[in-house]
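Asks: Quick one, fold the following:
(chains A, B and C)
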Amino acid sequence: MADFYQQVYELVRQIPAGRVTSYGAIARYLGMAGSSRMVGWAMNLSHHQEVYVPAHRVVNRNGLLTGKIHFGSPDIMQELLENEGIKVENDCVADFNRIFWDPFKELDAQNS
DNA sequence: ACGTTGACCTATA
DNA sequence: GTATAGGCCAACG
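Replies: I've put the predicted structure just below:
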């Protein structure tokens, strides 16, 4: 059993480009349902990690770029998302429901 | 060591 | 459907 943060990094790293997921989905997938805040903390430490973690692909339940401020500049996250083909309007991911990447539906389906 | 904050989510009113 | 409250666990002051 690796550290919780490591699991989060791995999961986030497996998010395909042009797709986004929510903290709650990750927390629930790791068995930490309700403790979604810890996922956010993990993301905060992701900058310290040697491996690059596409934290910009992780947004809140509303598809709002809540953590864009922690990227150094509030524009980096939006630029990264737009660079992957994700439309961002008013700090909100467009068609969030469409590009939403559910670990249960994707990873679990493959593993199972 | 205690209190507050935090990249959130769910539930109730 | 919007607004408010509570809960969760860890780090920072």
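Asks: Count residues in the vicinity of the residue of chain A found nearest DNA strand B, would you?
Replies: Residue nearest to DNA strand B within chain A: A:Gly67 (1.7 Å; CB to the nearest atom of the strand). (C-beta placed from N, C-alpha, C; glycine too.) Using other CB atoms under 10 Å, A:Gly67 has 18 neighbouring residues.
Asks: And for A:Gln78?
Replies: 20.
Asks: Please see if stretch A:52-64 touches DNA strand B.
Replies: Yes. Shown here: stretch A:52-64 in contact with DNA strand B (CB under 7 Å from any atom of the strand) through A:55-56, A:58, A:60-62.
Asks: can you put these in JSON lines and add distance to DNA strand C?
Replies: Converted to JSON lines, those look like this (distance: CB to the nearest atom of the strand, whole Å):
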{"residue": "A:Ala55", "distance to DNA strand C": "16"}
{"residue": "A:His56", "distance to DNA strand C": "21"}
{"residue": "A:Val58", "distance to DNA strand C": "16"}
{"residue": "A:Asn60", "distance to DNA strand C": "12"}
{"residue": "A:Arg61", "distance to DNA strand C": "11"}
{"residue": "A:Asn62", "distance to DNA strand C": "11"}
